[in-house]
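Peer 1: what follows is a predicted structure for the sequence shown.
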Amino acid sequence: MPIVAQSTETADWVSRFADDVIEESERRAPGKPVVVASGLSPSGPIHLGNLREVMTPHLVADEIRRRGYRVRHLISWDDYDRYRKVPAGIAGVDESWAEHIGKPLTSVPAPKGSAHPNWAEHFKAAMVASLAELGVEFDGISQTEQYTSGVYREQILHAMKHRGDIDAILAQYRTKPKAAEKQQKPLDEAELEAEEGSGAASEDDGSSGSAGYFPYKPFCGNCEKDLTTVTAYDDDSTELTYACTACGFSETVRLSEFNRGKLVWKVDWPMRWAYEGVIFEPSGVDHSSPGSSFQVGGQIVGIFGGKQPIGPMYAFVGISGMAKMSSSRGGVPTPADALKIMEPQLLRWLYARRRPNQSFKIAFDQEIQRLYDEWDKLAAKVADGSALPGDVAAYTRAVGTAAGELPKTRRPLPYRTLASVADITAGHQDQALRILSELDPADPLGSLDEARPRYDRAEAWINTHVPADQRTIVREEPDADLLKSLDEPSQQSIRLLLDGLQDHWSLDGLTHLVYGVPKVQAGFSADATPKELPPEIKTAQRSFFALLYHLLVGRDTGPRLPTLLLAVGQERVRALLGE
């Protein structure tokens with residue numbers, strides 16, 4: 001099977017794929033635009049795992065564009081797929097939607113309150129908006145429009161004429177044991193659901209009843225469902241008779257004029273490869289196991305005069321603290337959810353820096369702060385020329401495309417600092433600006449707009465993903481009982497802090513001060529490095545920090561102390577610390 005080799009090197013995987021795709025395109029279709037493809041089923045929220053189906057060919061297509069080639073990135077919206085089941089957790093949808101199971105997704109009403117005309121358009125719209133924000137350039141193809149307008153008529157008739165050949169290929173796999181029987185360990189429920197993908201991979205491959213095998217399924221002319229069986233077909237006249245098992249309706253139509261049905265998935269996909277001339281298309285694990293759509297399609301595509309695309313199998317994308325994703329589960333994060341709490345550049349980077357066969361997680365919990373720290377360190381290394389070539393390539397692909405750089409934050413302050421400020425100020429923008437302008441007195445922030453959109457993303461994360469009991473609430477009054485109970489060393493540590501506030505009132509200055517107080521108390525210089533200090537100093541620092549948190553916010557922990565002190569303000573800090 002012509003699948004691009006999965007390299008174990010850490011160099012830029014995108015460039016290597018681009019090399020192979022250009023070479024293959026010049027061999028198959030010299031002088032024509034390079035065609036890469038993705039397929040998405042708007043059967044429910046299109047989640048961050050599905051995004052890998054788009055980002056992998058997007059990054060390769062963008063690299064090819066950067067080299068001066070013409071490229072088409074096709075996204076086939078599988079909106080003519082059947083509505084399989086009522087997804088959990090979608091607002092405005094209840095079990096009454098089960099009456100639509102079996103209809104095309106474009107024939108199912110949109111969730112209640114939606115501005116869109118049908119189910120497919122509702123979920124497609126959110127993804128289109130996210131792709132625009134991510135800088136993904138593509139040509140969208142509605143499979144409903146393709147089938148109902150008769151675009152594939154010749155291909156359908158050809159498939160029906162060669163149904164015996166198709167059946168023979170599929171028969172090679174029908175008798176083989178299922179891949180699940182070879183599993184070394186059982187999959188958990190989330191993994192099983194994730195392997196379902198959009199559901200297309202698990203569809204039957206056509207009927208093999210008494211009338212024979214047919215790779216085409218009509219939608220019923222009465223109830224619109226695909227619970228139909230072809231009972232007769234004549235190649236010469238193209239007359240096709242079907243019966244609906246759902247409502248009992250039956251009719252005879254001329255397939256050369258009939259546009260209300262589609263090829264079964266394992267035939268539909270390779271037909272499209274041939275029709276569109278696809279050179280590169282990745283596939284998920286649900287399409288890549290023995291006997292699955294991608295493997296079988298590699299043989300069926302020849303019937304349509306085409307070749308199977310080259311492309312890797314891509315691995316799962318997970319969420320910090322959540323099981324592997326499946327769109328059939330309720331509440332699965334989408335690209336739109338991620339873009340509310342992180343800038344497009346960071347999300348692009350997460351997909352660009354890992355090879356397709358490597359799984360990774362996207363953070364919606366505290367881990368997002370560490371990811372942003374890592375991103376900012378990479379940006380600094382790229383700027384000073386110390387980053388490794390593979391890291392530079394991933395960074396470059398994250399911050400822009402062949403069309404130019406994505407909009408960015410003018411003053412990219414640390415995400416964890418912005419989150420802390422948003423947490424403490426609870427929506428008061430004037431207070432947020434006051435704190436942020438004091439971070440660096442030599443170069444104060446003039447407007448919150450300079451810190452946007454990163455500030456808005458951090459604020460959204462605090463408001464939507466940090467539990468209420470973890471939010472920071474500064475004390476209104478000093479904790480008199482705690483202050484009275486302090487021993488002499490604790491009182492001295494607070495006095496040293498208060499004495500240094502005025503001269504250290506900046507983010508760097510306060511960082512130096514709070515870490516320096518326990519050093520000075522122990523008889524060392526505030527500038528002493530960890531190598532020059534005994535291990536006990538770290539213990540003393542932790543105890544000092546815990547004391548300050550209790551006095552300021554009534555908890556053992558909280559935002560980074562320098563940020564918290566700036567947020568509270570010098571006058572209020574002095575009051576809460578008993579001055």
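Peer 2: Yep, that arrived.
Peer 1: now V392, nearest residue through space, not along the chain?
Peer 2: In space, and not counting its chain neighbours, V392 is closest to V382: 5.7 Å by CB to CB, 6 or more residues apart in numbering. (Glycine included, C-beta is placed from N, CA and C.)
Peer 1: hang on, the one you found packs against Y395?
Peer 2: Yes: using CB atoms under 8 Å, V382 and Y395 qualify as a contacting pair, with a distance of 5.1 Å.
Peer 1: neighbour count: these two, which is higher?
Peer 2: Shown here are V382 and Y395; by other CB atoms under 10 Å, Y395 has more neighbours (22 against 17).
Peer 1: and the more buried one, helix, strand or coil?
Peer 2: Per DSSP: H, G, I helix; E, B strand; the rest coil, the secondary structure class of Y395 is helix.
Peer 1: who's in contact with it?
Peer 2: W349, L378, A379, V382, A387 (CB atoms under 8 Å, 6 or more residues apart in numbering).
Peer 1: beta partners of the closest residue in space to S250 that isn't next to it in sequence?
Peer 2: Distance criterion CB to CB, 6+ apart; nearest residue to S250, sequence neighbours excluded, is A243 at 4.2 Å. Applying DSSP bridges to A243 gives these bridge partners: T229, S250.
Peer 1: surely A243 meets L227?
Peer 2: No: under the criterion of CB under 8 Å, A243 makes no contact with L227, lying 9.8 Å away.
Peer 1: name the element the closest residue to R560 other than its chain neighbours belongs to?
Peer 2: Excluding its sequence neighbours, the residue lying closest to R560 (CB to CB, 6+ apart) is S420, at 6.3 Å. Using DSSP states H and E, the secondary-structure element containing S420 is helix 415-425.
Peer 1: the very next helix or strand once past that helix to helix 415-425, inter-axis angle?
Peer 2: Past helix 415-425, further along toward the C-terminus, the next helix or strand under DSSP H and E is helix 429-437. With axes from the mean of the first three to the mean of the last three CA atoms, to 10 degrees as the basis, helix 429-437 and helix 415-425 are set at 140 degrees to each other.
Peer 1: which parts of the stretch 351-500 of the chain are strands?
Peer 2: Applying DSSP state E, counting those that start in this stretch to the stretch 351-500 of the chain gives strands spanning 360-362, 400-401, 404-405.
Peer 1: mind telling me which of those the model trusts least?
Peer 2: For the strands of the stretch 351-500 of the chain, the weakest mean pLDDT is recorded on strand 360-362, namely a mean of 93.
Peer 1: buried residues in that one?
Peer 2: Of the residues in strand 360-362, those with enough neighbours to count as buried (16 or more other CB atoms under 10 Å) are K361, I362.
Peer 1: how deep is the spatially closest residue to D479 that is not a sequence neighbour tucked in, by neighbour count?
Peer 2: Distances taken as CB to CB, 6+ apart place L551 nearest to D479, at 5.8 Å, with adjacent residues excluded. Residues within reach of L551, counting by other CB under 10 Å, total 19.
Peer 1: next helix or strand past the helix or strand containing L551?
Peer 2: Per DSSP H and E, L551 falls inside helix 536-553. Downstream of helix 536-553, the next assigned helix or strand under DSSP H and E is helix 561-568.
Peer 1: with just CA atoms, put that next one into PDB.
Peer 2: Taking Å, rounded to 0.1, in the frame of the first residue of the first chain, the C-alpha atoms of helix 561-568 are listed here in PDB:
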ATOM      1  CA  LEU A 561       3.200  35.800  44.500                       C
ATOM      2  CA  PRO A 562       4.900  38.600  42.500                       C
ATOM      3  CA  THR A 563       1.800  38.800  40.300                       C
ATOM      4  CA  LEU A 564      -0.500  38.600  43.300                       C
ATOM      5  CA  LEU A 565       1.300  41.400  45.100                       C
ATOM      6  CA  LEU A 566       1.100  43.700  42.100                       C
ATOM      7  CA  ALA A 567      -2.600  42.800  41.700                       C
ATOM      8  CA  VAL A 568      -3.400  43.500  45.300                       C
END
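Peer 1: coming back round to it: contact partners for the residue nearest to D479?
Peer 2: R475, P478, D479, L482, L483, I494, L576, L577, G578.
Peer 1: alright, that wraps it up for me.
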